[in-house]
Each structure stands twice: as C-alpha cells, then as structure tokens.
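**Student:** turn this into a model:
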Amino acid sequence: MAALVLAEPDMGTACMIFMIAFVMLYVSGLSLRYIFATGLAAIPAIYLLIVRVPYRYERAKSFFSPGADPQGHGFQLLQSLIAIGSGGFSGSGADGKPAKAFLSAGGAHGLHLRHHLRGARVHWSGYRAFAVRSVRLAGIRGGDESA
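**Tutor:** Below you'll find the predicted structure:
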C-alpha cells in the first residue's frame, strides 16, 4: 500500500504508513532487532527517493537549513519556529494571547502545534471511547456465552 501512495508521489504519507506498520509489528511482539534491521536496510532506498526527485531534495534541504532561503522554501518552517520560540509549546505569548509570527498570514495553518495537538486529542478520545465500548460489549457477550 505504501508503494502505491509513493507512486502518487506522496512520500510523507508513505513514511507514515511505514511508521504505523513498524509500531504495529513492535506491539504485536516482533523483536526490535528485526525492526531496526529493516529500518537500516531502508535507509539507502529513502536516500535515493529523496535525492532523485528534485522537489523532495529541495524540501529536505530547506528542512535542515531553513535560513538558507528565508523568503522561499524555508519561510513556513522559520515562521513556525518564531511562533514556538515566542510562545512555547502552548503557542501563547506572555500576555496569554496566541503568538503571531513575523509576516504571518494568520489562519489555521499558523497555529501549527496547537492545531495538531487538538486534533490528536479528539482522535485519541474517539479511539478511547471505541475501546471502552468494545471491552464492555465483549464482557456482556462473554457472560452470555459462558452460561
């Protein structure tokens, strides 16, 4: 499935699919030795996937050195660093108001970390509710079958 997503070309989603698969394999009991060996074996392929495609290479360069092109590729990363630096991880400044990055256009994309944390909290609360409901249903049905 990750290969099909990578053909789109969407390397970020493909990497997330691989990371989720590695976590699932670890949780299911696969030895860390095999997981690390697979990760090490994937490094050359990841390198080639980044270097051979120009826009991916530019994104990687701007991620590691955003100051090299502050008005171009590195602009968003620098603005998020300014927002986090002035407001901490909560995204609020000393006066309690949301931090504003220099030349920020505002909007939902300017809230970076806070926006993602709220979304993750909503998702995890949904997963928790599903898990609790599943356990309760399993307990109810388990009691009926054993009688």
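**Student:** tell me where the protein has helices.
**Tutor:** For the chain, the helices defined by DSSP state H occupy 2-6, 11-27, 32-51, 54-64, 75-87, 112-146.
**Student:** can I get the ones you listed in a markdown table including mean neighbour count?
**Tutor:** Glycine gets a C-beta too; all of them are placed from N, C-alpha and C. Formatted as a markdown table, those follow (neighbours: other CB atoms under 10 Å):
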| stretch | mean neighbour count |
| --- | --- |
| helix 2-6 | 13 |
| helix 11-27 | 14 |
| helix 32-51 | 11 |
| helix 54-64 | 13 |
| helix 75-87 | 17 |
| helix 112-146 | 10 |
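**Student:** of the ones you listed, which shows the lowest average pLDDT?
**Tutor:** Within those, confidence is poorest for helix 112-146, with a mean of 69 (mean pLDDT).
**Student:** so how far is Val27 from Leu6?
**Tutor:** Look at Leu6 and Val27: by CB to CB, to the nearest Å, they are 24 Å apart.
**Student:** can you check Arg133 too?
**Tutor:** Arg133 is 21 Å from Val27, by CB to CB.
**Student:** what do you get for Gln71?
**Tutor:** 44 Å.
**Student:** how about Ala45?
**Tutor:** 24 Å.
**Student:** break the chain down into its domains, please.
**Tutor:** 1-52, 70-147 (automatic domain parsing).
**Student:** what's the local residue count around Ala7?
**Tutor:** Other residues within reach of Ala7, judged by other CB atoms under 10 Å, total 9.
**Student:** so how many other residues sit close to Pro66?
**Tutor:** Pro66 has 19 nearby residues by other CB under 10 Å.
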